[in-house]
Structures are given as structure tokens and as C-alpha cells.
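> Could you look at this predicted model? Sequence included:
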Protein chains: 2
Amino acid sequence: MFRKILYPTDFSDCAVKALEYVKKLKEAGAEEVVVVYVIDVRDLATMSTGVAGFGETPVTYDYEVQEMMIANVKKKLEELKTEIETVGLKVAVKMPEGVPRKEILKTAEEENVSLIVLGSHGKSNVKELLLGSVSEKVIRYFKGPVLVIKRDEST
Amino acid sequence: MFRKILYPTDFSDCAVKALEYVKKLKEAGAEEVVVVYVIDVRDLATMSTGVAGFGETPVTYDYEVQEMMIANVKKKLEELKTEIETVGLKVAVKMPEGVPRKEILKTAEEENVSLIVLGSHGKSNVKELLLGSVSEKVIRYFKGPVLVIKRDEST
């Protein structure tokens, strides 16, 4: 029922909170965790054209910044893998490029997961509203169960 | 983390499916289940005015039908309570009258539950769309975690 869990993360507070639930589900039969971090193509597009408007000269060090960002994510994913393995769960890590809600749903289908455990930012500011819409789409379109974890009220 | 669970039911297929997850969560530390069945005031209003339009003569046996319906729900809730107690969980049953999404959220707050486990019909026909909106509202407004269980694709 909870055997194979998809755990999308963007390393935000609410994703970290959701991880506690992933670990706890080991007691209810969880065996494998697929960790997915989506490299948002829309962020990459912004970086490669700079923050300035369309048609302006691209900033030359963008590619380097992008590589550093990806290396940093890879490092954090490795640490996360070790952390989850410590509680006795098998871990696979995926780092697709794309639109987060689409890549999360695609990975859930491909991996045939039993459950998605999803941190959701709620709706206290504009950035969080966007992330909230990822949760909404995943809940709406994934055919299996979804456990939605909100951010702590205190944080 | 999963200690006290709110389990809203309307005795639909997807609510029955969600119950399996409630029971399974005992292994991850669930101790108490608050079962809530909301008597939808909008259904009662329809019944008391008949299915005919506003201003038409009310059907005289409505009250009797309503009483029978409520007695039937009470009986089914007692059976459900026994079924959940069998797996070793403590059970409280609530049967508020009101608008389902509001009463579910109100009960979750009052009972200070750790988690809501919610069956969701998905969106394959109009009736189900309405029930889907209950799930959406509960997920959006409840501050704690929500486990959403979709109906089997095969049913």
C-alpha cells in the first residue's frame, strides 16, 4: 500500500518536513523511495537569456553558474540519499529537466509508485502560490494516493 | 505523526478504499480515528421542498424518509466503528449537519487531528466533480497533512 514512494523535493522547508513522513512510512511497509528533483527548464531559460528582456545580450557566465547550480543539487541529492538509506529504505535518485508538475507525474507513472509524498508551501505569498499549483496538479492528475504535507505554521 | 486520523466517509467506493489506508497506518503509529459523516444540509433542503421547484407543495412523507435515511446512516456508522476497532484503533463517530467541506474542516480543527485520510472520486462524471471539490477545499484549507485516495481505475 505504501511500498514504493515518490518523494519530489526542491530542498525547501516543506519538502524537508515531508521527508519525515516518508521515513515514518517505513513502519507501514515502505521499502523504496524514488527521490525526484526537477531542474525547471523555465529557470534555465531565464538564466541563459539573463534577467534582462528578450533580445538583450546574454550574460557570458550563465553556463558556468548553471553548471555550479547543478553540481550543488547533485551533492545535496547524494546527502539526501544517504540520509534516507540510514532508516533502511532503498533509494533511487532522479534529476529530470522539465516542468516540475509534468516531470513529477511522468516519474510517478514510469516508476509505478504506490504513493507520492509531497510538501506543499501553502499560499502565503506569490512564490508559494506557484509551488502550490504544482501540488494541485499532481493531486489532480496522479491516479494513486498522494500525501500532502503543509509547511509548519510556525515557520 | 499519524496518531489521530480524521476519516470522512459518505460510504462511497472511494471512501471504502481510503479506509484500508487508515487501518494500515496503525503500523506507523495511528491510535485514534475520528469518523465523520456529514449530513448535507443541501440534500435535506431538497428533500423538504421535494424535487419540484420553489413554491410547490412539499411532499408529505419527506420527514419520514429523512428519519429513515438518518437511521440507516447511524447503523452503517456503528458497523464501521466495529470494523475499525477490530484492527486495534480507538474510534469516535461524528455526524454533523452542514456543508461537507466546512464540517470536515471544523471537525479536523476541533479534534486537533494529525492527518485527514480522504477518498476522492476523481472527475469522471458530474456527480464526482462535486465530490472532488470537497477534497480540493479540504486539501487547500486544512493546515495539517492530507492523504488523498483516488478511486480504483478499474471500478
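Looks like it arrived, so ask away.
> going forward, measure contacts and count neighbours with C-alpha atoms only.
Noted.
> C-terminal to the helix ranked longest in chain A, what's the next element?
In chain A, taking DSSP state H as the definition, the longest helix is helix A:62-86. Later in the chain than helix A:62-86, the nearest helix or strand by DSSP states H and E is strand A:90-94.
> Could you list every helix and strand in contact with that next one?
Applying 3 or more C-alpha pairs under 8 Å, 6 or more residues apart in numbering or on different chains; DSSP states H and E, one finds that strand A:90-94 contacts strand A:32-36, helix A:62-86.
> so it versus strand A:32-36, what angle?
Here the directions of strand A:90-94 and strand A:32-36 differ by 20 degrees (axes from the mean of the first three to the mean of the last three C-alpha atoms, to 10 degrees).
> now strand A:90-94, how far from the chain's geometric center?
Centre-to-centre, strand A:90-94 and its host chain are 13 Å apart (C-alpha atoms, centre = their mean, to the nearest Å).
> that older thread, a markdown table for the helices and strands packed on strand A:90-94, including mean pLDDT, distance to A:V16 and mean neighbour count?
Shown next, in a markdown table, are the helices and strands packed on strand A:90-94 (pLDDT from 0 to 100; distance: least, C-alpha to C-alpha, whole Å; neighbours: other C-alpha atoms under 10 Å in any protein chain shown):
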| stretch | mean pLDDT | distance to A:V16 | mean neighbour count |
| --- | --- | --- | --- |
| strand A:32-36 | 98 | 12 | 23 |
| helix A:62-86 | 93 | 10 | 14 |
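> So for A:T107, which of those sits nearest?
When those are compared by C-alpha to C-alpha, strand A:32-36 sits nearest A:T107, at 7.9 Å.
> anything in that closest one near chain B?
No: Strand A:32-36 stays clear of chain B (C-alpha under 8 Å from any C-alpha of the partner chain), getting no nearer than 16.0 Å.
> next structured bit after that strand?
Assigned by DSSP H and E, the successor of strand A:32-36 is strand A:39-40.
> quick one: average confidence on that following strand?
Mean per-residue pLDDT for strand A:39-40: 89.
> partners of that strand, with directions?
If you go by DSSP bridges, strand A:39-40 pairs up with strand A:97-98 (parallel).
> Residues contacting the partner strand, please?
Applying C-alpha atoms under 8 Å, 6 or more residues apart in numbering or on different chains, the contact partners of strand A:97-98 are A:V38, A:I39, A:D40, A:V41, A:R42, A:E103.
> need the next SSE after that strand, C-terminal direction.
Downstream of strand A:97-98 (by DSSP H and E), the next one is helix A:100-111.
> Which other helices and strands does that following helix contact?
Packed against helix A:100-111 by the contact rule (3+ C-alpha pairs under 8 Å, 6+ apart) you find helix A:126-141.
> Dump the helices and strands packed on strand A:90-94 to TSV, plus distance to A:P8.
Shown next, in TSV, are the helices and strands packed on strand A:90-94 (distance: least, C-alpha to C-alpha, whole Å):
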stretch	distance to A:P8
strand A:32-36	5
helix A:62-86	11
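> Quick one, which of those gets closest to B:S12.
Ranking the helices and strands packed on strand A:90-94 by proximity to B:S12 (C-alpha to C-alpha) places strand A:32-36 first, at 30.8 Å.
> and chain A, which residues reach chain B?
So far as C-alpha under 8 Å from any C-alpha goes, chain A lies against chain B at A:1, A:21, A:24-28, A:122, A:139-140, A:143-150, A:153.
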